[in-house]
Every structure is written in structure tokens, then in C-alpha cells.
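J.: Requesting a structural model of the entry that follows:
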Amino acid sequence: MILKSVEKKENSTAVFTVEVDAAEFEAAVNAAYLKNKKDIHIQGFRKGKVPRAVVEGMFGADTFHQGAFEELAPQAFAFGIQEGKLEVVGTPEVDEMNVSEDRVATFTFEVGVYPEVTLGQYKGLEVEKMAVTVSDNQVNAELDRMA
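T.: Down below sits the predicted model:
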């Protein structure tokens, strides 16, 4: 995985893009096929025994892409926040998921981050301590009131 870009926006959000190489994406597509294999039934094949090439030939090469995206998105998000050194707040949104012709998957996430705080000068500040005097009569009056 490769972190392509990180952009911090004004309203305490960050948008980052993670690219997943073709080998990892192919492994995720194969995992999605194996996960759904037992439910696939095509005439001429026993249930769960349909080869992946036949399914992709009938329904399109991108048949298992959604399953691969669902498997790769959490890994890509974790990789992006680790590499981008982001302090995340809340749930991320997946803005975009694409697969290029060379089978490289790209995820774009938008997530809330902790705001950056700049502290002013606070060292060396002095405050005048107010002197409070309490007479014996005031102490006795308070003790009488409490009793």
C-alpha cells in the first residue's frame, strides 16, 4: 500500500488517498470469490464448484470487486492514518473507490481529525493574590450557624 496524498482542510477534516497495488487487490478479489463461492450456482456446475473465470466471464470482470473493496477498505484506512500520522475523530467516509486498468485500487477517505491548537504565551504570567482576612467574630458566627 502507498499513501498518495494527505490534505488537511479548514473544518478539522482530512482527506487522504491510499493506493493498493495489483497483487494485494488480486488477493482480495480471490478472497471475495472464495467467500462467496459456496453460494454461486450456474447451470452445468455443481453448487459451489463454479470456477472464478466462468463467473467473471458471465457476469463481468468486476463481479468480485465490491467484496474486495469491503475487505481492503479497513486495511487501507488503518494504513493511511498510520502513515499520515493523523489523530482521527469519528467514523471515516469513503469518498471514492476505483480500480485502474492495471488492477491498482485507489481509496479516498474523508475523516474528522482533532483540531490543531496553538497556545499563546502562558509562562511567566503573574496574578495578584488577594489577601483575605477573617475575624474571630466571623469564624464564631459561622460555627454557630453550622451548629
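J.: Check which residues of the longest strand along the chain are buried.
T.: Using DSSP state E to define each element, the chain has its longest strand at strand 88-99. By 16 or more other C-beta atoms under 10 Å, the buried positions in strand 88-99 come out as 88, 92, 97, 99. Placement of C-beta: from N, CA and C, glycine included.
J.: can you check stretch 54-61 too?
T.: In stretch 54-61, counting by 16+ other C-beta under 10 Å, buried: residue 55.
J.: I'd like the distance from that stretch to the chain centre, please.
T.: 32 Å (C-alpha atoms, centre = their mean, to the nearest Å).
J.: Repeat that for stretch 44-58.
T.: 35 Å.
J.: and that stretch, what's its mean pLDDT?
T.: Stretch 44-58 carries an average pLDDT of 78.
J.: And for stretch 66-81?
T.: 84.
J.: Would you mind extracting the C-alpha trace of that stretch into CSV?
T.: C-alpha atoms of stretch 66-81 as CSV (Å, rounded to 0.1, in the frame of the first residue of the first chain):
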residue,chain,number,x,y,z
GLN,A,66,-17.2,-4.9,-4.2
GLY,A,67,-16.2,-7.7,-1.9
ALA,A,68,-12.5,-6.9,-2.4
PHE,A,69,-13.2,-3.2,-1.6
GLU,A,70,-15.0,-4.2,1.6
GLU,A,71,-12.0,-6.3,2.6
LEU,A,72,-9.3,-3.8,1.7
ALA,A,73,-11.0,-0.6,2.9
PRO,A,74,-10.4,-1.1,6.7
GLN,A,75,-6.7,-2.1,6.0
ALA,A,76,-6.2,0.9,3.7
PHE,A,77,-7.8,3.3,6.2
ALA,A,78,-5.6,2.0,9.0
PHE,A,79,-2.5,2.3,6.8
GLY,A,80,-3.4,5.8,5.8
ILE,A,81,-3.9,7.1,9.3
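J.: What residues of it count as buried?
T.: 67, 68, 69, 71, 72, 73, 76, 77, 79, 80, 81.
J.: Specify which member of those residues is nearest to residue 38.
T.: residue 67 (13.5 Å; C-beta to C-beta).
J.: Isn't residue 26 up against residue 103?
T.: Yes: assessed by C-beta atoms under 8 Å, residue 26 is found in contact with residue 103 at 6.4 Å.
J.: Residue 143: which of the buried residues of stretch 66-81 is nearest?
T.: The nearest one, if we look at those relative to residue 143 and count by C-beta to C-beta, is residue 81, at 59.9 Å.
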